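S.K.: quick one: sequence plus predicted model below, questions after.
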Amino acid sequence: MSYCFITVRLSSSRLKKKCFLKLEEKTILDHIILRLKKFRLIPIICTTDLKIDKGFKKFANKHKIKIYFGSNKNKIKRWLDCAKNFKIKKFHTVDADDIFFDHNSIKKSMILLNKFDIVEPSSNSRNGAATEGYSFKTVSLNKIINKMDLNNNKLDTEMIDNIIKKSSKFLKIIKLKNARYITKKSFRLTLDYKEDFILIRKIYLKFGSYESRKNINSYLNKNLNLRNINFFRNIDWRNKQIKQLKDG
């Protein structure tokens with residue numbers, strides 16, 4: 001069984017309450033949960049213990065899935081505590097702003113955990129394609145927190161790149177290869193800005209929630225003009241990443 005922790009909270013600074021934006025009658029979060037279920041991935045909502053995030057309970061009840069309320073700032077501790085709470089040995093992380101994740105890439109990532117401790121997202125995914133997240137063995141994440149003294153709810157681990165890089169000294173880590181069906185040019189399919197939502201909505205109106213990334217990418221290859229809707233936002237996103245990495 002492949003467990004997927006949907007990492008979500010309502011404190012987004014760029015696009016307020018983005019997981020509640022609607023595509024027809026359902027929210028972004030609804031679509032992510034339904035897409036995971038469609039491809040036989042087991043969704044668990046992994047959110048914070050802040051009062052503002054208690055409303056996610058109704059989504060868990062509605063879709064009959066598990067939910068965990070954990071550390072607000074310390075995301076990796078939240079993941080670990082969630083895994084321990086439900087006695088899960090390995091899991092994949094799915095951001096609640098990546099509606100068109102690639103289920104095949106997620107499953108390949110999880111298979112690699114048979115030989116590795118952590119599987120990082122592919123370069124293509126990190127460049128905005130939003131095809132998959134991280135795969136972790138729970139025992140390996142526990143090692144990171146203990147060895148790097150990160151067992152503190154007040155620590156901000158939102159940007160985990162430096163943490164993963166340092167943990168490579170004592171863990172086996174591999175980056176997932178890009179899927180073969182990549183686009184001719186990079187597209188941004190994560191949801192952080194209003195322009196992202198415009199592109200995502202266009203894709204949704206064309207395909208709905210369950211289309212494969214192979215077919216979505218084929219469509220984007222034939223309509224490269226769609227890239228202009230939001231790809232310029234990658235500059236803003238990268239600048240923020242660089243700043244947070246330096247601060248960390």
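M.R.: Here it is on my side, so go on.

S.K.: for N127, see how far away the residue nearest the centre of the chain is.
M.R.: Centroid check for the chain by C-alpha atoms, centre = their mean gives D95 as the closest residue, at 2.5 Å. From D95 across to N127, the span is 15 Å (C-beta to C-beta, to the nearest Å). Heads up, the C-betas are built off the backbone N, CA and C, glycines and all.

S.K.: now do the strands in this structure.
M.R.: Secondary structure of the chain (DSSP state E): strands at 3-7, 22-23, 26-27, 42-48, 66-70, 90-95, 118-120, 135-137, 173-175.

S.K.: sheet partners, orientation included, of the second one?
M.R.: So the one you mean is strand 22-23. strand 26-27 (antiparallel) (DSSP bridges).

S.K.: mean confidence score for the strand it pairs with?
M.R.: Strand 26-27 comes out with an average pLDDT of 96.

S.K.: equivalent analysis for stretch 185-201, please.
M.R.: pLDDT averaged over stretch 185-201 gives 95.

S.K.: repeat for stretch 78-86
M.R.: Per-residue pLDDT values across stretch 78-86 average out to 98.

S.K.: likewise stretch 148-163?
M.R.: Across stretch 148-163, the per-residue pLDDT values average to 91.

S.K.: which one of the strands of the chain lies closest to N146?
M.R.: The minimum distance between N146 and those falls on strand 135-137, with 14.0 Å, by C-beta to C-beta.

S.K.: any idea how far that closest one is from the middle of the chain?
M.R.: Its chain's average C-alpha position is 13 Å from that of strand 135-137, according to C-alpha atoms, centre = their mean, to the nearest Å.

S.K.: which helices and strands sit right next to that strand?
M.R.: strand 90-95, helix 103-112, strand 118-120 (3 or more C-beta pairs under 8 Å, 6 or more residues apart in numbering; DSSP states H and E).

S.K.: can you give the contact residues for it?
M.R.: Applying C-beta atoms under 8 Å, 6 or more residues apart in numbering, the contact partners of strand 135-137 are 79, 83, 89-93, 106, 109-110, 112-113, 117-119.

S.K.: list the buried residues for stretch 40-50?
M.R.: If you call a residue buried by 16 or more other C-beta atoms under 10 Å, then stretch 40-50 has these buried ones: L41, I42, P43, I44, I45, C46, T47, T48.

S.K.: what does stretch 125-140 give?
M.R.: Under 16+ other C-beta under 10 Å, the buried positions of stretch 125-140 are 125-138, 140.

S.K.: now, which of those lie within helices?
M.R.: Using DSSP state H, T138, S140 are the members of the buried residues of stretch 125-140 that sit in helices.

S.K.: ok, the buried residues of stretch 125-140 vs E211, which is closest?
M.R.: Closest to E211, out of all of the buried residues of stretch 125-140 and judged by C-beta to C-beta, is T131, at 13.4 Å.
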